[in-house]
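>>> fold the stuff below for me.
(one chain, ligands or ions: 2)
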Amino acid sequence: MMFYKFFTLKRGFFFICFLFFTVTNGQTIRAQESEFTLGTVCVVNLYERGTNELYRKIFRRIREIEEIMSANRAGTDLDRVNKQAGIMPVHVREELLYVVERALVYAQSSGGAFDPTIGPLVNLWGIGGDAAHIPGEKAIQDALSLVNWRDLIVDRQAGTLFLKRPGMALDLGAIAKGYAADEAARIIKEARIPGAIVDLGGNVFAYGEKEGSKPWRIGIQDPLENRGTFVGILEVRNKTVVTSGVYERFLQVGGKRYHHILSPQTGYPADTGLLSVTIIADRSIDADALATAAFALGYHAGRILVESVGGAAAIFLFENKTIRGTAPAMANFSLYNQGYRILP
Ligand code: FAD
Ligand code: MG
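Ligands and ions are numbered 1, 2, ... in the order given. Model prediction:
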């Protein structure tokens, strides 16, 4: 008998959480606010500067990005591009052009391990949704034949995107949360907030500094334990910390875990001996893309890729409970779980 376990996140579920209130000059201050958007729980902490107005502005922008870039909703710019695949170029908003251009940079530099045209394969497996299943070999080969970032045409002047072949589909699930975190950080900076945490479902922007000029302490999830159990802690100042791993969304069949980072080479979940890759970088759009790309590439090629990006560092967690990382990352990492071993 097959045993299925889904990590399912339902859309339409929306909540606001009030952690801490004070009233200053007639303004209600809330340390934290969260909403369910981008298919995940998004949390923003503005601490003693958290006004209603600023939270509203940040979440409005995040929802706007979802309305442009979601592959799960009808009528988004991205959905219109997918519907016109093989038919004609589609005019899209500037921010979608920007995110797609960044995605293509990483598609090229990862040798196609990261591919924003992964849509047909993502839809076929359905991991994270109610229809998740292990597809047949023929269906995998058919979907794979539609995945190729070189057939995604960006026309900056015309402001259009075009997928050359019918059936192709864009999916920016591996990069758009990073862009949304950067946009939240931009709004926070414009409001002259000295320090804030933006956490878009594990895609963290630790903006500025903690009170008292202290670094932020960001927990790295233990992929083998319950959510909130950390392998160790990273100390950062004004950096983004993004993790891609086997534990975010997966389908379990007969003791085997099929996670959501798919290989555009094999059509199956990328199997590189890794449990997770954490990227520390200046921009979340880069960290998000790099985390997925490095996971899909595996340790050696992934590390080379990360080290080619200025200001980026990485921590790799392996299935055999060992940890390796680039020097700037390990210098700021403290191991909590002694069940893991740090290797040089
Ligand atoms: P990452 O490693 O950053 O990304 C993994 C995701 O990228 C996969 O889920 C897949 O979508 C894609 N991917 C897989 N393999 C590759 C590859 N080799 N190269 C490139 N990309 C790959 N989830 C919902 O359940 N419902 C929603 O309505 C919904 N809306 C969303 C709207 C937006 C704008 C965004 C950005 C995300 C949304 N999501 C939604 C979540 C999304 O489907 C992904 O699950 C999520 O973004 C994965 O992020 P991650 O950080 O866990 O993993
Ligand atoms: Mg990513």
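
>>> mind showing which ranges of the stretch 1-150 of the chain have poor pLDDT?
1-26 (pLDDT under 70).

>>> which parts of it are strands?
For the stretch 1-150 of the chain, the strands defined by DSSP state E, counting those that start in this stretch occupy 21-24, 27-30, 32-37, 40-45, 90-91.

>>> could you dump the ones you listed to JSON lines with distance to His260?
C-beta coordinates here come from the backbone N, C-alpha and C atoms, glycine included. Formatted as JSON lines, the strands of the stretch 1-150 of the chain follow (distance: least, CB to CB, whole Å):
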{"stretch": "strand 21-24", "distance to His260": "37"}
{"stretch": "strand 27-30", "distance to His260": "33"}
{"stretch": "strand 32-37", "distance to His260": "19"}
{"stretch": "strand 40-45", "distance to His260": "13"}
{"stretch": "strand 90-91", "distance to His260": "26"}
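
>>> please name whichever of these is nearest to ligand 2.
Nearest to ligand 2 among these is strand 40-45; the distance by CB to the ion comes to 12.3 Å.

>>> residues contacting the closest residue to ligand 1 within the stretch 51-200 of the chain?
Using CB to the nearest ligand atom, the single residue of the stretch 51-200 of the chain nearest to ligand 1 is Gly173, 2.8 Å away. By CB atoms under 8 Å, 6 or more residues apart in numbering, Gly173 lies in contact with Ala71, Val122.

>>> indicate which one of the strands of the stretch 1-150 of the chain is closest to ligand 1.
The nearest among the strands of the stretch 1-150 of the chain, by CB to the nearest ligand atom, is strand 40-45 at 6.2 Å.

>>> before we move on, the earlier item: would you turn the strands of the stretch 1-150 of the chain into JSON lines with distance to Val147 and mean neighbour count?
Shown next, in JSON lines, are the strands of the stretch 1-150 of the chain (distance: least, CB to CB, whole Å; neighbours: other CB atoms under 10 Å):
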{"stretch": "strand 21-24", "distance to Val147": "49", "mean neighbour count": "10"}
{"stretch": "strand 27-30", "distance to Val147": "43", "mean neighbour count": "16"}
{"stretch": "strand 32-37", "distance to Val147": "27", "mean neighbour count": "19"}
{"stretch": "strand 40-45", "distance to Val147": "24", "mean neighbour count": "20"}
{"stretch": "strand 90-91", "distance to Val147": "19", "mean neighbour count": "16"}
